[in-house]
Every structure is written in structure tokens, then in C-alpha cells.
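K.L.:
Next one to model:
(chains A and B)
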Amino acid sequence: AQSVTQPDIHITVSEGASLELRCNYSYGATPYLFWYVQSPGQGLQLLLKYFSGDTLVQGIKGFEAEFKRSQSSFNLRKPSVHWSDAAEYFCAVATSGGSYIPTFGRGTSLIVHP
Amino acid sequence: KAGVTQTPRYLIKTRGQQVTLSCSPISGHRSVSWYQQTPGQGLQFLFEYFSETQRNKGNFPGRFSGRQFSNSRSEMNVSTLELGDSALYLCASSSGQGGTYNEQFFGPGTRLTVL
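P.N.:
Modelled structure (predicted):
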């Protein structure tokens, strides 16, 4: 069964600083990988996904993520964080050939200081 | 298009009671999935319905059940509530075509508190 680890429970950055959120997955075959964001009182919104091809994936809101098979990682990055990026971020993995039901990591809470 | 709507947004129940949550998917979407989100267990998949049939099921006890109507609206029911059922219940809809990825769109959730 697939699993996802987000090693950082909380990350604090200053507005304008760069951001990297870590995600490691466990799955035998090529995974389908996702990053979601959840703002307080809101549901999840898909930031980006990786299925195949270019390992650097561009998403919405200026986010990107890089798939590294050798490290089983799919880290999320943003070059300059805005206060509105403060939220909970979830990495997820799904298997191909099925209904793509994602297995989620425990989430990383992003705190942005002015 | 209107997004996924969930009702009610907040609910307080006592142990032993049952509860029904409702989800209206995006117009045209035929798949509805339910997730439970708790601080202890994180986000966990409950079940997925497509065209009124349960297509996938997560690892939850039989107290958790769901159904989908012909208009794709879905309900989930939890019987004999336990304190541990306190959670945010999220619904997500997608077009649901089998064998291919269809982006899920999430509703804001129903916050259930069991006292």
C-alpha cells in the first residue's frame, strides 16, 4: 500500500522568503502525486499534480514541485511567499489503473510572518 | 458553476445518536467521494459513489454508510456515534469517468462534534 510522509508539522517563514515543503512517498511503481492546500474553514484545493513526463511541475498560485524518483520525494516550492499562503498543505499519492483515490500525508501547517 | 456544497456546515450530536450529512456535487459531476479529517488520523478516505453505486470503500466500520441519488447528490450516515467520530467530513466531486484521472473538487466540509 502506498503512504506519504510530510516530515514537517509546522513551517514558519517570513513574507517574501522562499519556501520548500517536503514530501516523501512509498509506492512500488510510478506514483501519481499531488499537492493540495486547505485554508481555514475551506475544503482542499489542488495546487498541482505529477503523473509522468517533466519532473518539474508548475501549479497554481506560483507553486512548483519536483519529482525525484531516486529520493522518493515530491517537494513543493515557492520562490516568494505571500501572507495569503498561510494554510495547511497536503501531499498525496495515488495509484494508476484505479480510481485515483489519494492517500494523504498528515499535512504541513505554513505560518507566514509579516 | 457552483462549487460543491455540504450541509450542514456544523453539527453537534451526542454519543449513540446517528447523523446524516449531505453533499451536492458540481453540476454534471457523477462521482462523489467522502473523507474524514481528524487531528489524530489526518485525511482518510471513506467511500466513493458513482452513478448511485458504491465504487470504492475505505477502511471504516459498518457504522459509516452512504448513498447517492439519481441527481448525483450524496448523503453519508453515521450510526451509533462515538466520541472519536468528531471530525471534519469532506465531500469531493469529479466527473468520475473510469480508468482516467478526474480532478476532485472539495466542498468546505461538515464539522461534526460528538459529545
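K.L.:
interface residues of chain B facing chain A?
P.N.:
With Cβ under 8 Å from any Cβ of the partner chain as the criterion, chain B meets chain A at residues B:4, B:33, B:42-45, B:48, B:55-56, B:90, B:92, B:98-99, B:101-104, B:106-109. C-beta coordinates here come from the backbone N, C-alpha and C atoms, glycine included.
K.L.:
now those: which count as buried?
P.N.:
Among those, the ones that count as buried by 16 or more other Cβ atoms under 10 Å in any protein chain shown are B:4, B:33, B:42-45, B:48, B:55-56, B:90, B:92, B:102, B:104, B:106-109.
K.L.:
neighbours of residue 69, just the number please.
P.N.:
Using chain A here. A count of nearby residues for A:R69, using other Cβ atoms under 10 Å in any protein chain shown, gives 10.
K.L.:
Please refer instead to chain B.
P.N.:
12.
K.L.:
Look up the closest residue to it, ignoring the ones flanking it.
P.N.:
Spatial nearest neighbour of B:F69, excluding adjacent residues (Cβ to Cβ, 6 or more residues apart in numbering or on different chains): B:E52 at 6.9 Å.
K.L.:
For the one you found, give its distance to B:G58.
P.N.:
B:E52 sits 19 Å away from B:G58, going by Cβ to Cβ, to the nearest Å.
K.L.:
more neighbours, the two?
P.N.:
Higher neighbour count among B:E52 and B:G58: B:G58, with 16 against 13, using other Cβ under 10 Å.
K.L.:
Please verify my assumption that that one contacts B:F45.
P.N.:
Yes. The pair B:G58 and B:F45 qualifies as a contact (Cβ atoms under 8 Å) at a distance of 4.0 Å.
K.L.:
which stretches of the chain aren't confidently modelled?
P.N.:
I'll assume chain A. Along chain A, the model assigns pLDDT under 70 to residues A:96-99.
K.L.:
please go with chain B instead
P.N.:
Using pLDDT under 70, the flagged stretches of chain B are B:1, B:98-99.
K.L.:
ok and the residue in it nearest chain A?
P.N.:
The minimum distance from chain B to chain A, using Cβ to the nearest Cβ, falls at B:F106 (3.2 Å).
K.L.:
list the contacts for that residue?
P.N.:
Applying Cβ atoms under 8 Å, 6 or more residues apart in numbering or on different chains, we find B:F106 in contact with A:43-45, B:4, B:90-92.
K.L.:
ok, so of these, who is nearest A:S72?
P.N.:
Closest to A:S72 out of these is A:L44 (22.7 Å), distances taken as Cβ to Cβ.
K.L.:
Near the closest residue to chain B within chain A, how many residues? Count them for me, please.
P.N.:
For chain A, the residue closest to chain B is A:G43, as judged by Cβ to the nearest Cβ, at 3.2 Å. A:G43 is flanked by 22 other residues according to other Cβ under 10 Å.
K.L.:
Kindly state the beta-bridge partners for the residue lying closest to it once chain neighbours are set aside.
P.N.:
Leaving aside its chain neighbours, A:G43 sits nearest to B:F106 (3.2 Å; criterion: Cβ to Cβ, 6+ apart). Beta-bridge pairing for B:F106 (DSSP bridges): B:A92.
K.L.:
so A:E64 sits right up against A:N75, yeah?
P.N.:
No. With contact defined as Cβ under 8 Å, A:E64 does not count as touching A:N75 (9.5 Å).
K.L.:
Spell out which residues of chain A are next to chain B.
P.N.:
A:32, A:41-46, A:49, A:51, A:90, A:97-107.
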